[in-house]
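Enquirer: Sequence plus the predicted model coming up.
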There are 2 protein chains.
Amino acid sequence: MRLSRYFLPVLKENPAEAQIVSHRYMLRAGMIKQAAAGIYSWLPLGYRVLKRIEAIVHEEQQRAGHIPMLMPTLQPAELWKESGRYDAYGPEMLRIRDRHDRELVYGPTNEEMITDIFRSHVNSYRDLPLTLYHIQWKFRDEIRPRFGVMRGREFYMKDGYNFDIDRESAIHAYNRHMVSYLRTYERMGLKAIPMRAASGPIGGDNTHEFLVLAETGESEVFYDNAILDLEFGERHVNYDDREEVEAIVRQWTTPYARTDETHDEAEFAKVPEARRARSRAIEVGQIFYFGTKYSEPMNATVVNENGERVPVHMGSHGIGVSRLVGAIIEASHDDRGIIWPEGVTPFHVGIVNLRQGDGAADAACDAIYAALVARGLEPLYDDTEERAGAKFATMDLIGLPWRITVGPRG
Amino acid sequence: MRLSRYFLPVLKENPAEAQIVSHRYMLRAGMIKQAAAGIYSWLPLGYRVLKRIEAIVHEEQQRAGHIPMLMPTLQPAELWKESGRYDAYGPEMLRIRDRHDRELVYGPTNEEMITDIFRSHVNSYRDLPLTLYHIQWKFRDEIRPRFGVMRGREFYMKDGYNFDIDRESAIHAYNRHMVSYLRTYERMGLKAIPMRAASGPIGGDNTHEFLVLAETGESEVFYDNAILDLEFGERHVNYDDREEVEAIVRQWTTPYARTDETHDEAEFAKVPEARRARSRAIEVGQIFYFGTKYSEPMNATVVNENGERVPVHMGSHGIGVSRLVGAIIEASHDDRGIIWPEGVTPFHVGIVNLRQGDGAADAACDAIYAALVARGLEPLYDDTEERAGAKFATMDLIGLPWRITVGPRG
């Protein structure tokens, strides 16, 4: 992309409304623009990062055998009344009446809707296991939206739902999600730590949150810093192998790691003192096993091997796709701007032409640009008439991992 | 994809509520499930087609130099009051109040929001021309949603907006959209004809609709059938070349082609009788040049070469992405099911194993499957225990362009 033909409205001043660094840099780098409180437009640069993150989530979900689909943003209120959550969810759920005065809700999550799809089409244990997921815009009417995309109202989330014949199979699905999530974050350059969590309105007693360490995080976390040495790298995982997947989960959940909600001082004291760490962190995902909480009231049953009708065991699993853009910036930046991990960078490399209009400099930049594109890379070429200082400041701000500068010997 | 691990809930019976073939086949092939009137979930097979169509739209837009971004589904009502459309739009626009009693609308289109983004960031003619677009869910509260995804309420649309210094540049943007749209439809196996149209609530006097011929279409159209011979094939188009782009537009808009709204019997009579055709057709897109209709009331101005502040000339341009899934089926099917054009097929090839469980048949299927995947193709392998008749019926219904059948000599 040539910058002269792009739309990258960078701001020179720090916007007053931004309290945290990701919000500030996303506004300054022309990544987002607020449309209403907690509702954002994703300008071209921000959109590219969002799509990179979305693509990684899709790849890792499908690698784990999960099937993509798409549910709408609006849902009939009846489904929520059936599960009993319509009243339970409270004013955070946006309730709407259409022109025929029928009640809709802007879905904050999709347990009811996916359970309805499941019960309409699946009848036999032979069709299990099944995990369906989608990545769609959600809405939660936060009373005080803040921190840019970190605590917005309209947000982009991957939510997945497993349907299994029994608890044991559903726990395998839970473990599969944990492993695939850890890989997902790792590919984005993030160290996300699974921590035992509280379940909130989704329900169930088996749940982990994934937290990314960052000074500006909203959560306080306590962990054994041995966990920071764990990583996947190129390791192959066979997601059908229950034992293999469970072993990875055990490896990642054995070191102490808790948020303040679940923190236990006595347990923490057993960690060798030199490894006891506390930090701020940002939640970027959560997984739940909740058994038959939705399948029983909503009659989502299958016929088992003995010919009996039994409710399916379910779980749900979410990754905050739009929030991750902010979380990555919180975890990776310096005083001059963002520092994108290669996995999610909006462009692979920046080209700065210090002598725009000079025949030799333009020709060199054009040749470099063409060579990079021919190799399947996406360069951002600053071919504008700006002076060098401004070009460097913009490149620092948007933080591409590689930069090529073309100019006279100096 | 192995069918035994997929979610393809085909129906054997024709659903009573479906009046047209695309709706019927989309339900039967397990592509969609209604969530509420005119609101659908896209089940895995339907989702794949939707994504194929979306990818083609993105590619062709970017080839024409247009820049992708993403606006939210919810918009503040204030923007619509500023343009004067809040009252004009009527009950088709879904109006919402949040927990702080602020008015939001679920965007049916985005002229106001994009104009607001433009005026916040662009100041000089040097930053023009600029065309921004997004593909996002929209909502129009149709009083009588019907025909499945063809006339739904929540629908997926590409909408693009050009900002230009004068009428002439904006007409070039209009022409660029027409050419890129024609290529887009052609890649999907559709012959879409541009027809002079009426502008409706978007405004402006220069507008074309794109119509796909189909017996079940809602529009009646009249055309010179010489237009059916036009196509692009591999032709390269330089979208920066105004004359080249204009010449293509002239070629495609010179033959008579009108909907009944703009039909002119006297003009039609001038077409040689043997070439005069009338048909039913489906609208799959529309482009508008409307000049300063939004930029004047909303103060979207730039400083021109002479240092004067002038309102920008704009147009907007839409493709019905979710509607196209239905339109393609209406245009391409037979009595047994859908016939996907290769450009949008959900899987490239089907593999039917007639002797599932037989060592030789399974090994042959596995080898074929692996070979296809290694070539970058996406096969759908029916490895279920169903009998042959049912397997063939499903393959006929979902209509992949190629099929490989493995079984004993018979």
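Expert: Here it is on my side, so go on. Only a predicted model underlies this, so the values are computations on that prediction, with no experimental measurement involved.
Enquirer: got the contact list for residue A:194?
Expert: When contacts are counted by C-beta atoms under 8 Å, 6 or more residues apart in numbering or on different chains, residue A:194 is found next to A:178, A:181, A:182, A:208, A:209, A:210, A:252, A:253, A:257. No exception for glycine: its C-beta is placed from N, CA and C like everyone else's.
Enquirer: Name the residue of the stretch 251-400 of chain A with the shortest distance to chain B.
Expert: residue A:385 (8.6 Å; C-beta to the nearest C-beta).
Enquirer: quick one: that residue and residue A:354 touch, right?
Expert: No. Taking contacts as C-beta atoms under 8 Å, residue A:385 lies outside contact range of residue A:354: 11.6 Å.
Enquirer: okay, those two: which has more neighbours?
Expert: residue A:354 (17 against 10; other C-beta atoms under 10 Å in any protein chain shown).
Enquirer: ok now do the residue of the stretch 251-400 of chain A closest to chain B, which residues does it touch?
Expert: Taking C-beta under 8 Å, 6+ apart, one finds A:356, A:357 in contact with residue A:385.
Enquirer: again with residue A:319
Expert: Residue A:319 makes contact with A:57, A:157, A:158, A:181, A:184, A:284, A:285, according to C-beta under 8 Å, 6+ apart.
Enquirer: which secondary structure element contains the last one?
Expert: So that's residue A:285. For residue A:285, the host element (DSSP states H and E) is strand A:276-291.
Enquirer: And for the fifth one?
Expert: Secondary-structure element containing residue A:184, defined by DSSP H and E: helix A:167-187.
Enquirer: same question, the first one
Expert: Following DSSP H and E, one finds residue A:57 within helix A:44-63.
Enquirer: pLDDT at the residue of chain A most remote from its centre, what is it?
Expert: Relative to the C-alpha centroid of chain A, counting by C-alpha atoms, centre = their mean, residue A:359 is the outermost residue, at 44.6 Å. Listed pLDDT for residue A:359 reads 94.
Enquirer: Residue A:410 now?
Expert: 66.
Enquirer: Which residue ranges of the stretch 201-350 of chain A form helices?
Expert: A:242-253, A:265-269, A:321-331 (DSSP state H, counting those that start in this stretch).
Enquirer: and those, which is most packed in?
Expert: Of all the helices of the stretch 201-350 of chain A, helix A:321-331 has the most neighbours on average by mean count of other C-beta atoms under 10 Å in any protein chain shown, namely a mean of 26.
Enquirer: report the angle between the axes of that helix and helix A:167-187?
Expert: With axes from the mean of the first three to the mean of the last three C-alpha atoms, to 10 degrees as the basis, helix A:321-331 and helix A:167-187 are set at 50 degrees to each other.
Enquirer: relative to helix A:44-63, how tilted is helix A:321-331?
Expert: Using the same axes, to 10 degrees, the inter-axis angle of helix A:321-331 relative to helix A:44-63 is 110 degrees.
Enquirer: Tell me which other helices or strands helix A:321-331 touches.
Expert: Helix A:321-331 sits against helix A:21-28, helix A:44-63, strand A:154-164, strand A:206-213, strand A:276-291, with contacts defined as 3 or more C-beta pairs under 8 Å, 6 or more residues apart in numbering or on different chains; DSSP states H and E.
Enquirer: what does it contact?
Expert: So helix A:321-331 is in contact with A:20-23, A:25-26, A:31, A:46, A:49-50, A:53-54, A:57, A:135, A:147-150, A:152, A:155-158, A:188-190, A:212-217, A:282, A:284, A:320, A:338, A:340-341, A:344, going by C-beta under 8 Å, 6+ apart.
Enquirer: Show me which of the residues you listed are buried.
Expert: Buried members of the contacts of helix A:321-331, scored by 16 or more other C-beta atoms under 10 Å in any protein chain shown, are A:20-23, A:25-26, A:31, A:46, A:49-50, A:53-54, A:57, A:135, A:147-150, A:152, A:155-158, A:188-190, A:212-214, A:216-217, A:282, A:284, A:320, A:338, A:340-341, A:344.
Enquirer: What is the burial count for the residue of the stretch 51-200 of chain A found nearest chain B?
Expert: Nearest to chain B, among the residues of the stretch 51-200 of chain A, is residue A:121, at 3.6 Å (C-beta to the nearest C-beta). Residues lying near residue A:121 (other C-beta under 10 Å) number 17.
Enquirer: which residue packs closest to it, ignoring adjacent ones?
Expert: residue B:9 (3.6 Å; C-beta to C-beta, 6 or more residues apart in numbering or on different chains).
Enquirer: these two touch, right, that neighbour and residue A:122?
Expert: Yes. Applying C-beta under 8 Å, one finds residue B:9 in contact with residue A:122, separated by 7.4 Å.
Enquirer: Start and end of stretch A:114-129, how far apart?
Expert: The separation between the terminal residues of stretch A:114-129, taken as C-alpha to C-alpha, to the nearest Å, is 15 Å.
Enquirer: quick revisit: for the contacts of residue A:194, please prepare TSV with the additional fields distance to residue B:365 and pLDDT.
Expert: Output for these, formatted as TSV (distance: C-beta to C-beta, whole Å; pLDDT from 0 to 100):
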residue	distance to residue B:365	pLDDT
A:178	33	97
A:181	33	98
A:182	34	97
A:208	39	95
A:209	42	95
A:210	39	97
A:252	37	95
A:253	39	93
A:257	45	95
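Enquirer: can you name the two of those that are farthest apart?
Expert: Farthest-apart pair in the contacts of residue A:194 is A:181 and A:257; separation 14.3 Å (C-beta to C-beta).
Enquirer: for chain A, which spans come out with low pLDDT?
Expert: A:199-205, A:410 (pLDDT under 70).
Enquirer: Now do the domain split for chain A, please.
Expert: A:21-338, A:347-406 (automatic domain parsing).
Enquirer: So which of the ones you listed is nearest residue B:300?
Expert: Proximity to residue B:300 (C-beta to C-beta) singles out domain A:21-338 among the domains of chain A, at 14.4 Å.
Enquirer: now for the domains of chain A, which one comes closest to residue B:273?
Expert: Comparing the domains of chain A by C-beta to C-beta, domain A:21-338 comes nearest, at 46.7 Å.
Enquirer: Could you double-check that residue A:237 lies in contact with residue A:246?
Expert: No. Applying C-beta under 8 Å, one finds residue A:237 not in contact with residue A:246, separated by 11.6 Å.
Enquirer: Mutual contacts of these two, please.
Expert: With contacts taken as C-beta under 8 Å, 6+ apart, residue A:237 and residue A:246 have no neighbour in common.
Enquirer: Excluding chain neighbours, what is closest to residue A:107?
Expert: residue A:75 is the one closest to residue A:107 (C-beta to C-beta, 6+ apart), at 4.8 Å.
Enquirer: All set, thanks.
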